[in-house]
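Asker: Predicted model follows, preceded by the sequence.
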Amino acid sequence: MSCLPGLADGLGSTLIRNAVADTAIDRKWIVFDGPVDAIWIENMNTVLDDNCTLCLPNGERIKLNPNTMRMLFEAGIPPYICPRFSAAP
């Protein structure tokens, strides 16, 4: 649930929010399968860097647990993905 009235979480932010709320020590994997849009992946920069923080359009920030959470991006056309986004942490 978004913190601002009138805005609702999408599928990705809902999955991430649920994974953050799960305090079990098991690894949580969030898999994105499909074409990777350049603007969309640019918005994932803060998740993929050392901050591990998802910044939502409404200004909310969701801190991911770097020890238990992983994201996998499976794109349709790998040659067009920047190596930065395909490297392991």
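Answerer: That came through fine. The structure displayed is predicted, hence computed values, not measured ones. Numbers count the residues shown, from 1 in each chain.
Asker: only C-alpha atoms for contact and neighbour calcs from this point on.
Answerer: OK.
Asker: Residue 54: which element?
Answerer: Applying DSSP states H and E as the criterion places residue 54 in strand 53-55.
Asker: Shouldn't residue 39 be within a helix?
Answerer: Yes: if the criterion is DSSP: H, G, I helix; E, B strand; the rest coil, then residue 39 is within a helix.
Asker: where does it land on pLDDT?
Answerer: pLDDT, residue 39: 73.
Asker: Count the residues that sit near it.
Answerer: By other Cα atoms under 10 Å, the residues close to residue 39 number 8.
Asker: hang on, the earlier thing: show me what the strand holding residue 54 is packed against.
Answerer: helix 45-48, strand 61-63 (3 or more Cα pairs under 8 Å, 6 or more residues apart in numbering; DSSP states H and E).
Asker: Kindly recompute the last result at 10 Å.
Answerer: helix 11-21, helix 45-48, strand 61-63 (3 or more Cα pairs under 10 Å, 6 or more residues apart in numbering; DSSP states H and E).
Asker: For the residue nearest to residue 30 when sequence neighbours are not counted, identify the helix or strand it belongs to.
Answerer: Spatial nearest neighbour of residue 30, excluding adjacent residues (Cα to Cα, 6 or more residues apart in numbering): residue 71 at 4.8 Å. Applying DSSP H and E as the criterion places residue 71 in strand 69-74.
Asker: State the mean pLDDT of the strand holding residue 54.
Answerer: Averaging pLDDT along strand 53-55 gives 85.
Asker: for that strand, which positions count as buried?
Answerer: Judged by neighbour count (16 or more other Cα atoms under 10 Å), strand 53-55 contains these buried residues: 53-55.
Asker: ok, now stretch 19-37?
Answerer: 19-20, 28, 36.
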